[in-house]
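>>> got a sequence here, can you model it:
(one chain, ligands or ions: 1)
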Amino acid sequence: MIAKETKLQGCYILEPTVFGDSRGYFFESYNKQSFDKLINQNINFVQDNESFSSRGVLRGLHGQKDEFAQAKLVRVTQGEVLDVAIDFRKDSPTYLQHFSVKLSSKNKKQLFIPRGFLHGFVVLSQTAVFNYKCDNWYNKDAEIGIMYNDSDLNIDWLLNEGELLISDKDLKLPTLKQFSP
Ligand SMILES: Cc1cn([C@H]2C[C@H](O)[C@@H](COP(=O)(O)OP(=O)(O)O[C@H]3O[C@@H](C)C(=O)[C@@H](O)[C@H]3O)O2)c(=O)[nH]c1=O
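Residues are numbered from 1 along each chain as shown. Modelled structure (predicted):
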């Protein structure tokens, strides 16, 4: 596995070492010892999630507040998505900046998103299976979010607005200007 820090402090792109042979391939998708060493932190993941979505489905921008914040290690095991991490840490030099990367079952890239970030993705392939580890439990009451098309964040989702499929819940999220913590 190799890791490269993105422009957002503490947010890393990881690429596993893939062993291919006549049978197919093998790779370690997560190994606590090497992962912690690569990102120089001790992360204790406690929950694994999986979602399935069709092309155009956009989930986000989501986070959990205060002591319920979650760091996430995200990857795609079928299809391709554009994944977006937004630095939502008030004290960070890159506060409100975002980082986007295509994650796919083909490139096998993973993104580590620290606590205090918002996260979202849009599906670029016909369908996609999205898998992620979280270092804190889901807490419905601690959920926070910002509207995906917030004009201050100005995220390029690569697809046309008409192609997007978004939950009613996400369409009710506030803009940055409306957001009150
Ligand atoms: C996230 C989550 C949802 N749920 C339930 C609540 C709800 O009934 C159903 C669907 O939830 P949502 O609509 O919030 O699912 P979704 O929009 O896929 O939410 C996810 O989006 C991505 C971008 C993230 O970063 C995740 O942390 C998470 O917020 O699943 C859990 O039981 N546990 C969980 O950890």
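>>> which parts of the helix or strand that contains residue 103 are buried?
For residue 103, the host element (DSSP states H and E) is strand 98-104. Across strand 98-104, burial judged by 16 or more other C-beta atoms under 10 Å covers 98-101, 103-104. All C-beta atoms are positioned from the backbone trio N, CA, C, and that covers glycine.
>>> ok, of those residues, which one's closest to the ligand?
Lowest distance from the ligand to the buried residues of strand 98-104 (C-beta to the nearest ligand atom) belongs to residue 103, with 12.2 Å.
>>> report the beta-bridge partners for that closest one.
Taking DSSP bridges as the rule, residue 103 bridges to residue 81.
>>> ok, now which ones touch it?
By C-beta atoms under 8 Å, 6 or more residues apart in numbering, the contact list for residue 103 reads 74-76, 80-81, 83, 109-111, 121.
>>> residues of this structure that sit close to the ligand?
For the chain, the residues in contact with the ligand (C-beta under 6 Å from any ligand atom) are 49, 51, 59-60, 62, 119-121, 138, 167, 169.
>>> go again with 8 Å.
The interface of the chain toward the ligand, taken as C-beta under 8 Å from any ligand atom, is made up of 47, 49, 51, 59-64, 70, 72, 74, 113, 119-121, 130, 132, 134, 137-138, 140, 143, 145, 167, 169-170.
>>> from those residues, which ones fall inside strands?
Among these, DSSP state E puts 47, 49, 51, 59-64, 72, 74, 113, 119-121, 130, 132, 134, 143, 145 in strands.
>>> okay then, goodbye and thanks.
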